[in-house]
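Undergrad: All I have is the shape, not the residue letters:
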């Protein structure tokens, strides 16, 4: 029996065998120095750690790929296929542009940033309501800089709510309107979605599919295979090693509306 994988990603070694079984997706949130009064310290990664992670993946032969590749069959044949990985960022934090984009470009990786459509150019208001330190989000010019560098964007709803706690009508508006607003504003197709807090059920998944998104990401750990539903893709959260990860996710999930 193989040992269980860690729930978070810090280095490749514990995941090397598992990553060979399908399509791994990594998710990041914030990069760079932590401001004062931060509650969830572990999801801030330094640019140095982020660079070390990408360098390790590149040295192991991984190439970054788009989320749409999750819909493709796993390559087979006599010639070994390139090792594929998807790099995602949730929320659209400005520090990702400042500390992450140069690292991505330097190592030849692409990434997708899931944006909160109504909060572009503002701050992490949904986190501040729970006592988190303020953190700026990318403004329109910065999102365009991200796109010009060959990166992608997806939707993280309009306002970052718990979707399963909304009426079907309000959830549909968060899902549908965010796609439309991002496409109208930036002139690119928005085909991928990310559930805020990872909060979803079958009804929410159905709304996402009906809105025209090709994929949707959860925060459930695991490697994606041909059997993984495209609107319930699994991801490993990249963060600093911590013995308190379980407690952190419990704090995230006990927020009340």
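TA: Nice, I can see it. As the structure is a computational prediction, the values presented were derived from the model and not from experiment.

Undergrad: Contact partners for the closest residue to residue 236 other than its chain neighbours?
TA: Spatial nearest neighbour of residue 236, chain neighbours left out: residue 9 (4.2 Å); criterion: CB to CB, 6 or more residues apart in numbering. From N, CA and C alone the C-beta is placed, and that goes for glycine too. Taking CB atoms under 8 Å, 6 or more residues apart in numbering, we find residue 9 in contact with 15, 26, 53, 236-239.

Undergrad: One more: residue 191?
TA: Contacts for residue 191 (CB under 8 Å, 6+ apart) come out as 67-68, 154, 212-215.

Undergrad: Please, a ChimeraX command that selects the buried ones among these?
TA: Those of the contacts of residue 191 that count as buried under 16 or more other CB atoms under 10 Å are selected in ChimeraX with:
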select :67,154,213,214,215
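
Undergrad: could you redo the contacts of residue 191 as a markdown table and give each row pLDDT and distance to residue 91?
TA: Output for those, formatted as a markdown table (pLDDT from 0 to 100; distance: CB to CB, whole Å):
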| residue | pLDDT | distance to residue 91 |
| --- | --- | --- |
| 67 | 94 | 17 |
| 68 | 91 | 21 |
| 154 | 98 | 11 |
| 212 | 98 | 22 |
| 213 | 98 | 18 |
| 214 | 97 | 21 |
| 215 | 98 | 18 |
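
Undergrad: of all the contacts of residue 191, which two lie farthest apart?
TA: Farthest pair in the contacts of residue 191 (CB to CB) is 67 and 212. Separation: 14.3 Å.

Undergrad: thinking again about what came up before, what two of the contacts of residue 9 are the furthest from one another?
TA: The widest separation within the contacts of residue 9 (CB to CB) is 13.7 Å, between 15 and 239.
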